[in-house]
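A.B. asks: Can you look at this prediction? I've put the sequence above it.
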Amino acid sequence: MATTCKHLAMLREVVPKSLGCNECIATGLKWKQLRLCTSCGYVGCCETSEGRHALAHFAETTHPIIRSFEDGEDWMWCYVDETYIGHPTGTRNW
């Protein structure tokens, strides 16, 4: 596991494409928590949700970094480097 993320330069300010996991909505699944792709704004369910759609999005696109899309949470994760990242500004801006 890496200790630093080599993909921070890829971070973008993105607009969430939805307010929930569209795949879960379409299939009738319920998500536990949501994640926001920092490359394109895709919103998917977390890895503890049945659909694991955020991880599936990474597998399809290789977009490396997600943010928590939950109120009160301000963290990111790099799938490639398997690294937790604190938000660079310390505030949530979406």
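C.D. replies: All right, it came through fine. From a predicted model like this one, the values you see are computed outputs, not experimental measurements. Numbers count the residues shown, from 1 in each chain.
A.B. asks: Now do the end-to-end distance for stretch 76-85.
C.D. replies: Terminal residues of stretch 76-85 lie 5 Å apart, using CA to CA, to the nearest Å.
A.B. asks: average pLDDT across it?
C.D. replies: For stretch 76-85, mean pLDDT is 95.
A.B. asks: List the buried residues in that stretch.
C.D. replies: Met76, Trp77, Cys78, Tyr79, Asp81, Thr83, Ile85 (16 or more other CB atoms under 10 Å). Yep, even glycine has a C-beta here, placed from its N, CA and C like the rest.
A.B. asks: can you redo these as TSV with secondary structure?
C.D. replies: Shown next, in TSV, are these (DSSP: H, G, I helix; E, B strand; the rest coil):
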residue	secondary structure
Met76	strand
Trp77	strand
Cys78	strand
Tyr79	coil
Asp81	coil
Thr83	strand
Ile85	strand
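A.B. asks: what's the closest of those to His7?
C.D. replies: Checking the buried residues of stretch 76-85 against His7 with CB to CB, the nearest one is Cys78 at 5.5 Å.
A.B. asks: now that closest one, which residues is it bridged with?
C.D. replies: As for beta bridges, Cys78 partners with Ile65, Thr83 under DSSP bridges.
A.B. asks: can you pull the buried residues of stretch 41-57?
C.D. replies: Tyr42, Val43, Gly44, Cys45, Cys46, Ser49, Gly51, Arg52, His53, Ala54, Leu55, His57.
A.B. asks: List of residues touching that stretch?
C.D. replies: For stretch 41-57, contacts defined as CB atoms under 8 Å, 6 or more residues apart in numbering pick out 14-24, 27, 29-37, 61, 63, 66, 69, 79.
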